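Participant: Need coordinates for the following:
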Amino acid sequence: MSPPPDELTIGALAKSAGVNVETIRFYQRKGLLPEPVRPYGGIRRYGATDLARLRFVKSAQRLGFSLEEIAQLLLLEDGTHCREAAQLATAHLSDVRARLADLHRIEAALSQLLAACESRRGQVSCPLIDALH
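Facilitator: Reported below is the predicted structural model:
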C-alpha cells in the first residue's frame, strides 16, 4: 500500500515520478521544486502538488526545454499566461529547428567524407583526417 499523496517521503516522491532522490535535490537547489519544511524531529513530506510539479519539469525536459526555460514556464503554470508560454515555446522551437539544420549539415559533411574514404582505399592520405586538419 502506498502512502497518501500528501505524506510522501523524498524516496516515495522520487519513485512516483520515476526519478532518483538526487534529481529532486538538484531541482530544489535550482528553485524548480520547493523544499518542504522539516518538522522538528521529523522528515520532510511531499504532496500531490510536488509530484505534479516534478512531472511538469520532466515533461518539459523531454521536449528539450532548458532548466532556465522550465523555471520561466513554472512562473506561467497557472494557465492564464498562454501568450507568454507560447512566446517561450516559439523561441525554443526556433532553436530546435536551427539545431536540426546544423545536424543535417553535419550529416551531409560526414557522409561526403566517408564516401571519400571508401573511394580512396589503399591511399596513404585519409580524406577524413585531412579534412579535420
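
Participant: Identify all contacting residues around stretch 112-119.
Facilitator: Identification of contacts with stretch 112-119 by CB atoms under 8 Å, 6 or more residues apart in numbering yields 126-128, 131. Glycine gets a C-beta too; all of them are placed from N, C-alpha and C.

Participant: out of the residues you listed, who has the most neighbours?
Facilitator: Each of the contacts of stretch 112-119 was scored by neighbours using other CB atoms under 10 Å; the highest score is residue 127's, at 17 neighbours.

Participant: where exactly do the helices run in the chain?
Facilitator: Residue ranges of the helices in the chain, as given by DSSP state H, are 10-17, 21-29, 48-62, 67-75, 82-119, 127-132.

Participant: can you list the ones you listed in a markdown table and add mean pLDDT?
Facilitator: Rendered in a markdown table, the data for those read as follows (pLDDT from 0 to 100):
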| stretch | mean pLDDT |
| --- | --- |
| helix 10-17 | 96 |
| helix 21-29 | 97 |
| helix 48-62 | 95 |
| helix 67-75 | 94 |
| helix 82-119 | 93 |
| helix 127-132 | 80 |
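
Participant: between those, which one is nearest to residue 36?
Facilitator: Taking CB to CB as the criterion, helix 48-62 is the member of the helices of the chain that comes nearest to residue 36, at 7.5 Å.

Participant: how about that closest one: buried residues?
Facilitator: Of the residues in helix 48-62, 50-51, 53-54, 56-57, 60 count as buried by neighbour count, 16 or more other CB atoms under 10 Å.

Participant: What of stretch 95-104?
Facilitator: Applying a neighbour-count criterion of 16+ other CB under 10 Å, one finds nothing buried in stretch 95-104.

Participant: Ok, stretch 72-88 next?
Facilitator: Within stretch 72-88, the residues that qualify as buried are 73-74, 76, 85, 88, counting by 16+ other CB under 10 Å.

Participant: Which residues does that stretch contact?
Facilitator: Residues from elsewhere that reach stretch 72-88, judged by CB under 8 Å, 6+ apart: 32, 53, 56-57, 60, 65, 69.

Participant: export the residues you listed to a markdown table and tack on distance to residue 99?
Facilitator: Formatted as a markdown table, the entries for these read as follows, by distance: CB to CB, whole Å:
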| residue | distance to residue 99 |
| --- | --- |
| 32 | 23 |
| 53 | 27 |
| 56 | 23 |
| 57 | 21 |
| 60 | 17 |
| 65 | 13 |
| 69 | 14 |
